[in-house]
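>>> structure of the sequence below:
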Amino acid sequence: MPVRLEAKPRDMVWGVLQTEGVYAGLRIGEIWFDAGPLLIKFITTADKLSVQVHPDDAYAGKHEAHRGGRGKTEIWHVMDATHGARVAIGFAAGAGAVSRESVERAARNGMLERDLDWLDVHAGQTIFVPAGTVHAMGAGLTICEIQQTCDITYRLYDYNRLDRGKPRELHLDRALEVMAERGLAPGAGLVNLPFRGRYFGVESFAAPPGEPREIPAGHWIVLNGAGTIGGQRYAPREVWRISSPTSFHATEETKSLLVNPC
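The predicted structure follows:
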């Protein structure tokens, strides 16, 4: 029997302010789903996120054992993007020589953001962000993120924002230690689906309304659409654990992702 995973909303300083309902007054930026060795998120940005980088398994195992000792490689699938919405992956070719010293200097004087390689993005694109890649998300995005289950983030630069009344912490020393050359770990950037990496495989799975279809085992991420799976109703922005191939029936055109750990 397919199991719908519990959705866990997160209040973030850059999230979308909720004006009604149970989350009124909160800025919901992320919704988390526990998928075993993987963490699946829906991310909605009303403002720019910090410039950040994540450690790999080797670094996390040595320096972050008390926080699980696991690195963070992730992949983003763009669900929606306003005109001009952007993400940053690594440093731009025109940024000149990129060294720990130059990155630290730019981070401290507030110029780091301009040195990043910003990409205009649109719905349907997928971006691979392996550990060691310097990255950021702009405003106006809705993204499905699949990642190793890890919450270790090293911020290189933020926007003087307060989180619950306190400035958000930067982690320059550790960020500079884990940063790949030019902020780009191997393979980082736009990719096509299906995608298979060291930690997860991701494929797109679309279905028009009509006859029932079968979906393989894995974690099924409903991007949009409606219908039933295993006799249960599904809706957009849900994640289901499917333990064996299961029949589903789309009553509205359904776009989804199927994810399996590697």
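>>> ok, and what's touching the lengthiest helix in the chain?
Ranked by residue count and defined by DSSP state H, the top helix of the chain is helix 100-108. Applying CB atoms under 8 Å, 6 or more residues apart in numbering, the external contacts of helix 100-108 come out as V51, G96, L112, D115, L156, Y157, L170, L172, L176, M179, G183. From N, CA and C alone the C-beta is placed, and that goes for glycine too.
>>> distance between it and the chain's centre?
25 Å (CA atoms, centre = their mean, to the nearest Å).
>>> buried residues in whatever helix or strand comes next after it?
Going down the chain from helix 100-108, the next helix or strand is strand 116-120, by DSSP states H and E. Within strand 116-120, the residues scored as buried using 16 or more other CB atoms under 10 Å are L116, D117.
>>> following strand 116-120, which helix or strand shows up next?
Reading on from strand 116-120 to the C-terminus, the next helix or strand found by DSSP H and E is strand 126-129.
>>> so what touches that following strand?
Contacts of strand 126-129 (CB under 8 Å, 6+ apart): 73-78, 87, 89, 119, 121, 135, 187-193, 195, 197, 202.
>>> L193 sits in which helix or strand?
If you go by DSSP H and E, L193 is not part of any helix or strand.
>>> ok, it touching F205?
No. Assessed by CB atoms under 8 Å, L193 is found out of contact with F205, at 9.6 Å.
>>> more neighbours: which of those two?
Per other CB atoms under 10 Å, whichever of L193 and F205 has more neighbours is F205, with 20 against 17.
>>> list the contacts of that one.
I215, W220, K255, S256, L257, L258.
>>> for the closest residue to G110 other than its chain neighbours, give me its contacts.
Of all residues not flanking G110 in the chain, Y157 sits nearest, at 7.5 Å (CB to CB, 6 or more residues apart in numbering). Y157 makes contact with S50, V51, A107, G110, L112, E113, L170, according to CB under 8 Å, 6+ apart.
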